[in-house]
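Peer 1: A predicted structure for the sequence below; I have some questions about it.
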Amino acid sequence: MTLSGEIRKLTQNMLEGHESRTAAVAGIRTSTAQELAEFHAAHQAQAAEQREQRDEYRDGLRRDTATFLSDAAGARQAMATQQHEQRDEYRDGLRRGTAALLKELDVAREAMATEQRGRLATERERLTSDVAAMRDRFQAEQSKVQADLSKARRVWSSFTGQMQQRRAGRPVAATPPPPVKEAPPTEEAEAAADDLTVIRGIGPAMQHRLNEAGFYTYAQLVKATPNELRQALGEVGPRANLEEWIEQARELLE
């Protein structure tokens, strides 16, 4: 299979993987929203039912109290002293019982609300953890795809550089021309020279300038600083992306 076919197949796989992950995340968000909506609706219905029961009980107590007071008023003239004491005692007991019942209802409602909030928080944390784990897996897959794409670009750049040399009638792995300025040879200069045109931004002319400055290998570029390369290239140095050259040379060495 040709390189273009492999790259086309790789990009298609990337698009399919991205679509499947996007659909999965959308499904999780939809199901989460539905579960939260159902939980909220159930909570509202339960709260409404509790309020209705409490109001109904309170209304019943009020009706009973009103009936009792009406009966007591009718018999008050006959047994004023005795019924006055009994009525006050009964009323106090009724009030204490009503207050205690309302307090128990409030405590039970608060306990139920606390339990429901705890369950909701636990479910939210679990969903948040699941979404974060899925996001991490997605980013890791993206990083892997980017690394593979960068490697394919370097292979393609090397291929295009070699094709340019072939079209120009130069050997693909030709020995760099000797430097114009005579300088004592170093161990790196005596070693086999690398094809610097594989690096994006370095053409044959730029490679010749680097050779004249004493740079023949990727290792020499990695050891150099951008300022040293800028001084070695002279007037064309400020226009070159020297940091990217050094990084590409480091990747080629690896």
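Peer 2: Perfect, thanks for sending it. Numbers count the residues shown, from 1 in each chain.

Peer 1: so who does the nearest residue to Asn241 once chain neighbours are set aside touch?
Peer 2: Excluding its sequence neighbours, the residue lying closest to Asn241 (Cβ to Cβ, 6 or more residues apart in numbering) is Gly201, at 5.7 Å. For glycine as for every other residue, the C-beta is placed from the backbone atoms N, C-alpha and C. Contacts were defined as Cβ atoms under 8 Å, 6 or more residues apart in numbering; by that measure Gly201 touches Ala240, Asn241, Glu244, Trp245.

Peer 1: looking at those, state which has the most neighbours.
Peer 2: Trp245 (24 neighbours; other Cβ atoms under 10 Å).

Peer 1: next one, pLDDT for it please.
Peer 2: The per-residue pLDDT reported for Trp245 equals 93.

Peer 1: look at it and tell me its secondary structure.
Peer 2: helix (DSSP: H, G, I helix; E, B strand; the rest coil).

Peer 1: just checking, what packs against the strand or helix carrying Ala249?
Peer 2: For Ala249, the element it lies in under DSSP states H and E is helix 242-253. Packing partners of helix 242-253 (3 or more Cβ pairs under 8 Å, 6 or more residues apart in numbering; DSSP states H and E): helix 80-167, helix 218-223, helix 226-233.

Peer 1: element containing Ile202, please.
Peer 2: Judged by DSSP H and E, Ile202 forms part of no helix or strand.

Peer 1: separation between the nearest residue to Glu244 once chain neighbours are set aside and Leu210?
Peer 2: Spatial nearest neighbour of Glu244, chain neighbours left out: Gly201 (6.7 Å); criterion: Cβ to Cβ, 6+ apart. Noted for Gly201: a distance of 11 Å to Leu210, by Cβ to Cβ, to the nearest Å.

Peer 1: same thing with Arg87?
Peer 2: According to Cβ to Cβ, Arg87 stands 111 Å off from Leu210.

Peer 1: who has more neighbours out of those two?
Peer 2: Taking other Cβ under 10 Å, Arg87 and Leu210 do not tie; Leu210 has more neighbours (22 against 17).

Peer 1: just the CA trace of the one helix or strand the more buried one maps to, in PDB.
Peer 2: Taking DSSP H and E as the definition, one finds Leu210 inside helix 204-212. The C-alpha atoms that make up helix 204-212 are tabulated as PDB, following Å, rounded to 0.1, in the frame of the first residue of the first chain:
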ATOM      1  CA  PRO A 204      20.200  22.100  -0.500                       C
ATOM      2  CA  ALA A 205      21.400  25.700  -0.300                       C
ATOM      3  CA  MET A 206      20.800  25.900   3.400                       C
ATOM      4  CA  GLN A 207      22.500  22.500   3.900                       C
ATOM      5  CA  HIS A 208      25.600  23.900   2.100                       C
ATOM      6  CA  ARG A 209      25.600  26.900   4.400                       C
ATOM      7  CA  LEU A 210      25.500  24.700   7.400                       C
ATOM      8  CA  ASN A 211      28.300  22.500   6.100                       C
ATOM      9  CA  GLU A 212      30.400  25.500   5.500                       C
END
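
Peer 1: counting by contacts, list what it packs against.
Peer 2: Short answer (3+ Cβ pairs under 8 Å, 6+ apart): helix 204-212 packs on helix 226-233.

Peer 1: name the residues that touch the helix it packs on?
Peer 2: Helix 226-233 has contacts (Cβ under 8 Å, 6+ apart) with 206, 209-210, 213-215, 221, 224, 237-238, 240, 242-243, 245-246.

Peer 1: let's see that with 7 Å instead.
Peer 2: With Cβ atoms under 7 Å, 6 or more residues apart in numbering as the contact definition, helix 226-233 has outside contacts at Arg209, Ala213, Gly237, Pro238, Ala240, Leu242, Glu243, Ile246.

Peer 1: repeat for stretch 106-125
Peer 2: Phe39, His43, Gln50.
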